[in-house]
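Asks: missing the sequence, but the structure's below:
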């Protein structure tokens, strides 16, 4: 039986050469490329992969993202993303993603996101399709048991 | 005489085909690619272009970013980024970037970022070099006259 309250592993791969900048590390923007691919995987888990998008006429848009960059990471390093559901309503999904050195607890970055279900015939915001909503609710309920993560609910401000 | 209190135009270009996803619009991650290029331009304005990084041994790392996605934008559209300095201290720069349809007030996205000056010999956080600090202070002071922008200081939360 799968552990419903476990974080979802939504991406595994390595830091590609084209993602590395003049600082010799994963560029800030390409953390978001990885997180975006992880969100695509999550969409598959709730029934909004390509076939699901076609069947429902719905897709997911990102409304808001807040990334904390915690450690730099070099080319070719193996990394993974784990995703936690923080909450949801009829058409929104609030998620939290951590990027880790693969197979370790070494936290490279954290990303909180608000996602919106969109009826692509508008496009306009719309409630999740019933089959999608059922999966969203199962995950939301299961992840309610998890601790509130460190880098969620943050505001950007200078210290002091 | 340049208007010191004007927003800085830090990027101009078009939405490239490789930035567009299955939703037929600029992918969430590639907004951040554009904002990252705009930050590179800002680095040039404070003396941390490639020559400045070599001369000082310093570079800029992004500590935190908070993006609000406001409107979708399609391939080939002309867009621009304008940057406002929200604050600074001895080693940090807090900025706000807006992505607009080029030559209009149509706001596509807003991005608040905290940037850190880094001595690359560590790498470790370090005060800005004096010549860089001088430019940071001029910009910070000039932009203090500007209104606090709408999408700064936000926290991600479900409504209600």
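Replies: Received it, and whenever you're ready, just let me know what you need. These numbers come from a predicted model, not from an experiment.
Asks: Low-confidence ranges, chain A, go.
Replies: A:1-3 (pLDDT under 70).
Asks: so where do the helices sit in chain A?
Replies: A:28-45, A:50-56, A:130-143 (DSSP state H).
Asks: Which one of the ones you listed lies nearest to residue B:99?
Replies: helix A:28-45 (13.1 Å; C-beta to C-beta). Every residue, glycine included, has its C-beta placed from N, CA and C.
Asks: As CSV, the helices of chain A with distance to chain B and mean neighbour count would be great.
Replies: Compiled in CSV, the helices of chain A are given as follows (distance: least, C-beta to the nearest C-beta, whole Å; neighbours: other C-beta atoms under 10 Å in any protein chain shown):
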stretch, distance to chain B, mean neighbour count
helix A:28-45, 4, 22
helix A:50-56, 7, 14
helix A:130-143, 11, 16
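Asks: could the ones you listed go into a markdown table alongside distance to residue B:157?
Replies: Output for the helices of chain A, formatted as a markdown table (distance: least, C-beta to C-beta, whole Å):
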| stretch | distance to residue B:157 |
| --- | --- |
| helix A:28-45 | 19 |
| helix A:50-56 | 26 |
| helix A:130-143 | 15 |
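Asks: Nearest to residue B:133, out of these?
Replies: Of all the helices of chain A, it is helix A:28-45 that lies closest to residue B:133, at 22.4 Å by C-beta to C-beta.
Asks: Count residues in the vicinity of residue A:22, would you?
Replies: As a burial measure, residue A:22 scores 10 neighbours (other C-beta atoms under 10 Å in any protein chain shown).
Asks: residue contacts, it?
Replies: For residue A:22, the contact set (C-beta atoms under 8 Å, 6 or more residues apart in numbering or on different chains) comprises B:50, B:53, B:59.
Asks: Kindly provide the distance from residue A:18 to chain B.
Replies: Separation of residue A:18 from chain B (C-beta to the nearest C-beta, to the nearest Å): 11 Å.
Asks: Kindly report the same for residue A:75.
Replies: Distance from residue A:75 to chain B, by C-beta to the nearest C-beta: 16 Å.
Asks: Same check on residue A:82?
Replies: 18 Å.
Asks: Could you do residue A:154 as well?
Replies: In this structure, residue A:154 lies at 7 Å from chain B, with C-beta to the nearest C-beta as the measure.
Asks: hang on, that residue packs against residue A:65?
Replies: No. In this structure residue A:154 lies outside contact range of residue A:65 using C-beta atoms under 8 Å: 11.8 Å.
Asks: Now the common contact residues for those two.
Replies: residue A:112.
Asks: neighbour count winner among those two?
Replies: residue A:65 (27 against 17).
Asks: how about the more buried one, what does it touch?
Replies: A:32, A:35, A:111-114, B:28, B:65-67, B:69.
Asks: For residue A:86, find the nearest of the helices of chain A.
Replies: Nearest of the helices of chain A (C-beta to C-beta): helix A:130-143, 7.4 Å.
Asks: quick one: residue A:99 from residue B:26, how far?
Replies: Distance of residue A:99 to residue B:26, computed by C-beta to C-beta, to the nearest Å: 22 Å.
Asks: Ignore what I typed, I meant residue A:42.
Replies: Residue A:42 is 20 Å from residue B:26, by C-beta to C-beta.
Asks: just residue A:120 next, same as before
Replies: 16 Å.
Asks: and the two? which has more neighbours close in?
Replies: Ranked by neighbour count (other C-beta under 10 Å), residue A:120 and residue B:26 place residue B:26 first, with 26 against 16.
Asks: partners of that one in the sheet?
Replies: Residue B:26 forms beta bridges with residue B:20, as assigned by DSSP bridges.
Asks: now residue A:114
Replies: Bridge pairing for residue A:114 - DSSP bridges - gives residue A:64, residue A:94.
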